[in-house]
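1. Take a look and give me a structure for this.
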Amino acid sequence: MKNYGFLLGFFLLLAPAWALAADASIPRSALSVAPLEAYDLLVREPEKAFLIDVRDRGEYAFSHPARAYNIPWRFAGGEVMLEAGNSGASYQLNPEPNPDFVGVTRSLFKPDDQLFIICDNGRQSAQASDALLDAGFHQVRQVQGGVWGEPFIPQDHLRLAEKYSANYGKGGLISGWVYWGLPMSHTLDPLYMYPPDIKRARTD
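-> The predicted structure follows:
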């Protein structure tokens, strides 16, 4: 049998760094888990497994996975981004991570807890997951596809899909929390909201 493992390792060594890091939704160190697998563990081990929604507070308030703790990885800033074709606008996220992210997580969870990290589509959760591993948490997994899922045709496949695929032009999102019909909530429960906000509300 040919040693394909050796060949794969050889080409990975030759690959440029930008090619290996091109997909920001892939954690550097943390494992990824499908939404259904994450939910299964959350149901079976509620005392040791927890879901953390790292989206900004406004996104979380609009809708979030049921019983997900909100600890934003980045906050929405004052900059407004206009969508193409005048289809709407959104506030841009600050480029720097929340400086209290790790500290707040430590205040809520133990290093050996099973933590499932979720965001919109996997990009922020990948960065947040790696930050928690670096901070000493041992069982951190990123939820693939995030809350809303991934594009039916990934951005890097669009050109080839337009050229060859009968599915080009078909929209929609796949594989995220909502895609599988997992529980969502529109209620802000103080137990799960970002703790510094609750603390400020009680002292005002």
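
2. which residues does the residue lying closest to residue 162 once chain neighbours are set aside contact?
-> Take residue 162 and drop its neighbours on the chain: the residue closest to it by CB to CB, 6 or more residues apart in numbering is residue 168, 4.8 Å away. For the C-beta atoms, the positions are set from N, CA and C on the backbone; glycine is no exception. Each residue near residue 168 by CB atoms under 8 Å, 6 or more residues apart in numbering is listed here: 153, 158, 161, 162.

3. Kindly report the same for residue 52.
-> Contacts for residue 52 (CB under 8 Å, 6+ apart) come out as 68, 69, 70, 71, 105, 115, 116, 117, 118, 128.

4. Please report phi then psi for it.
-> The phi and psi values for residue 52, taken as degrees, to the nearest 10, are phi -120, psi 120.

5. do you know how far it is from residue 151?
-> As judged by CB to CB, to the nearest Å, residue 52 and residue 151 stand 24 Å apart.

6. Skip ahead from the helix or strand bottoming out on mean pLDDT in the chain and say which helix or strand is next.
-> Within the chain, no helix or strand scores below helix 17-20, which has a mean of 34 by mean pLDDT, DSSP states H and E. Counting by DSSP states H and E, the next helix or strand C-terminal to helix 17-20 is strand 31-33.

7. and whichever helix or strand comes after that following strand, which residues are buried?
-> Scanning forward in sequence from strand 31-33 by DSSP H and E, the next helix or strand is helix 35-44. Buried residues in helix 35-44, defined by neighbour count with 16 or more other CB atoms under 10 Å: 35, 38, 39, 41, 42.

8. Let me know whether residue 139 touches residue 116 as I believe.
-> No. Applying CB atoms under 8 Å, one finds residue 139 not in contact with residue 116, separated by 9.4 Å.

9. more neighbours, these two?
-> Ranked by neighbour count (other CB atoms under 10 Å), residue 139 and residue 116 place residue 116 first, with 25 against 16.

10. what's the angle from the helix or strand harbouring that one to helix 35-44?
-> Element membership of residue 116 [criterion: DSSP H and E] is strand 114-118. Going by axes from the mean of the first three to the mean of the last three CA atoms, to 10 degrees, strand 114-118 is angled at 140 degrees with respect to helix 35-44.
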